[in-house]
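# The sequence and its predicted three-dimensional model are supplied below.
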Amino acid sequence: MFRRLAPLLFIFAVLPAGTARAAEAPSRAAWMREARWGVMSHYLADWRARTDREPASVEHWNDLVDHFNVDALADQLKAVGAGYFLISIGQNSGYYLSPNATYDRLTGIAPGKLSHRDLVADLSVALARRGLKLLVYLPSGAPAGDRTARAALQWENGADRNAAFQRHWEAVIREWSLRWGDRVAGWWFDGCYWPNTMYRTADEPNFASFAAAARAGNPRAAVAFNPGVIYRTVSITPHEDYLAGEIDQPDLWTAKRVQDGLADGAQVHVLSYLGERWGQGAPRFSTEQAVAFSKKVAGAGGVTTWDTPIQKDGTYAPEFLAQLKAIGESFAAPGAASVSTP
């Protein structure tokens, strides 16, 4: 999902003796298991520019974010029976849908590419009114397509310690977390491709300080770190509460080594996409296939998030609403709450 700029090496080192998952981890993510499934959307300036065939600019980005209809989206999510919503704060372009003074100060970019409207804050209010939770997506690295930001944040792509960058990035994350507080129930960090080099260290910055920055405003926030596409249910650190679970081919997913909905102490979670690719295209699955996979994950005590292409105004097209509604109805049916553990 996060653009790969170098070959990926998935190295899962043995944790030092005495390292144990935080006791709070299962409880921080317990609500996810109760929700059973949710929806994600990428709302990104460069993706919208390609889809709408309009050039990306600060003015255009602010216009898009200003006209994002949070109430209409929240109504759709409630109607289909989703338990939560996950939205991208930003990704490779350097455009973000929430202001952040720390980011502006560190990068010195003017005019800033961060929206004037805090779309995350507004979404959290609209969703909370309907009993739904909000999670946010953010890459673990600097925006790949913004050379100025990469240099200012001191980001080195690849297997680099990146200590200076990580301190900057944690400060940016901390500002957002403190502002949003418990209105954001969780974080999904993309692109953690070099966990041994960047985060599995005794000294900060490390996985512990990374997670602490995300939980600065909400100690109960559930956190996941994504090492890339992995079909096994595997957790990469005791400091995450649920599995990132990115997969592109759901039929290859397996629930091996899952016990009572947990994999090595973390809540089992799978993230895949309903469109032809992440955030875009027509439905690639039949409704029956999408329902069946969602129920398969739930049967192991896991949670499924479906990335769904979103329209310019922040709502979903009828063909995707129909699939989401069918998934929700399958969980509302008698006996749908039963869970079997392999």
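Right, received. Where do you want to start?
# all strands in this protein, in order from the N-terminus.
Taking DSSP state E, the strands of the chain run over residues 37-41, 84-88, 133-139, 186-190, 222-225, 262-263, 266-267, 269-273, 303-307.
# What's the mean pLDDT across the helix ranked longest in the chain?
Counting by DSSP state H, the longest helix found in the chain is helix 163-180. Here helix 163-180 scores 98 as its mean pLDDT.
# And for stretch 264-277?
97.
# Now the terminal residues of that stretch, how far apart.
End-to-end distance for stretch 264-277: 30 Å, by CA to CA, to the nearest Å.
# Could you list the buried residues of that stretch?
Under the neighbour-count criterion of 16 or more other CB atoms under 10 Å, stretch 264-277 has 265-275 buried. For every residue, glycine as well, the C-beta is placed using N, CA and C.
# chain center to that stretch, what's the gap?
Put simply, stretch 264-277 sits 10 Å off its chain's centre (CA atoms, centre = their mean, to the nearest Å).
# switch to numbering from 362
All set: I'll call the first residue 362, so the last point we hit is now stretch 625-638.
# Okay, helices next: where are they in the protein?
For the chain, the helices defined by DSSP H cover 386-389, 391-396, 406-413, 419-427, 431-441, 462-468, 480-489, 508-513, 524-541, 556-559, 568-575, 648-660, 679-693.
# Give me the angle between the fifth one and helix 679-693.
Note on geometry: by axes from the mean of the first three to the mean of the last three CA atoms, to 10 degrees, helix 431-441 and helix 679-693 are set 50 degrees apart in direction.
# same check, this time on the fourth one
Comparing the axes of helix 419-427 and helix 679-693 via the same axes, to 10 degrees yields an angle of 40 degrees.
# now helix 419-427: mean pLDDT?
For helix 419-427, the mean per-residue pLDDT is 97.
# can you check the second one too?
Mean pLDDT, computed over helix 391-396, is 95.
# to the chain's geometric centre, what's the distance from stretch 461-470?
Its chain's C-alpha centre and that of stretch 461-470 lie 23 Å apart, by CA atoms, centre = their mean.
# May I ask which helix or strand of the protein has the lowest mean pLDDT?
Using mean pLDDT, DSSP states H and E, the weakest-scoring helix or strand in the chain turns out to be helix 386-389, at a mean of 75.
# Need the winner for burial among the helices of the chain.
Highest mean neighbour count among the helices of the chain (mean count of other CB atoms under 10 Å): helix 568-575, with a mean of 22.
# could you check the angle helix 524-541 makes with that helix?
Here the directions of helix 568-575 and helix 524-541 differ by 30 degrees (the same axes, to 10 degrees).
# what angle do helix 568-575 and strand 494-500 make?
130 degrees.
# Packing partners of helix 568-575?
In terms of contacts (3 or more CB pairs under 8 Å, 6 or more residues apart in numbering; DSSP states H and E), helix 568-575 is packed against helix 524-541, strand 547-551, strand 583-586.
# Using JSON lines, lay out these together with distance to Asp507.
Converted to JSON lines, the helices and strands packed on helix 568-575 look like this (distance: least, CB to CB, whole Å):
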{"stretch": "helix 524-541", "distance to Asp507": "14"}
{"stretch": "strand 547-551", "distance to Asp507": "16"}
{"stretch": "strand 583-586", "distance to Asp507": "22"}
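# closest one to Pro670 among these?
Comparison of the helices and strands packed on helix 568-575 against Pro670 by CB to CB identifies strand 547-551 as nearest, at 18.0 Å.
# Could you list the paired strands of that closest one along with their orientation?
Using DSSP bridges, strand 547-551 pairs in its sheet with strand 494-500 (parallel), strand 583-586 (parallel).
# Export these as CSV, with columns for mean pLDDT, mean neighbour count and distance to Glu607.
Output for the strands paired with strand 547-551, formatted as CSV (pLDDT from 0 to 100; neighbours: other CB atoms under 10 Å; distance: least, CB to CB, whole Å):
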stretch, mean pLDDT, mean neighbour count, distance to Glu607
strand 494-500, 99, 23, 11
strand 583-586, 98, 27, 10
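# could I get these as TSV with distance to Thr412?
Compiled in TSV, the strands paired with strand 547-551 are given as follows (distance: least, CB to CB, whole Å):
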stretch	distance to Thr412
strand 494-500	18
strand 583-586	27
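# With Ser388 as the reference, name the closest of those strands.
Closest to Ser388 of these, according to CB to CB: strand 583-586, at 9.6 Å.
# Could you check how far the closest one is from the centre of its chain?
Put simply, strand 583-586 sits 8 Å off its chain's centre (CA atoms, centre = their mean).
# Give me the pLDDT for Asp668.
For Asp668, the pLDDT comes out at 98.
# nope, Lys617 is what I meant
According to the prediction, Lys617 has pLDDT 85.
# Kindly provide the distance from it to Ala390.
Per CB to CB, to the nearest Å, Lys617 is found 20 Å from Ala390.
# Which of these two has more residues huddled nearby?
Using other CB atoms under 10 Å, the more surrounded residue of Lys617 and Ala390 is Ala390, with 27 against 12.
# Go ahead and confirm that one touches Tyr603.
Yes. Between Ala390 and Tyr603 a contact is recorded at 4.4 Å, counting by CB atoms under 8 Å.
# so where's the stretch 412-561 of the chain uncertain?
Low-confidence segments of the stretch 412-561 of the chain (pLDDT under 70): none present.
# First-to-last residue distance for stretch 616-625?
This stretch, stretch 616-625, spans 12 Å end to end (CA to CA).
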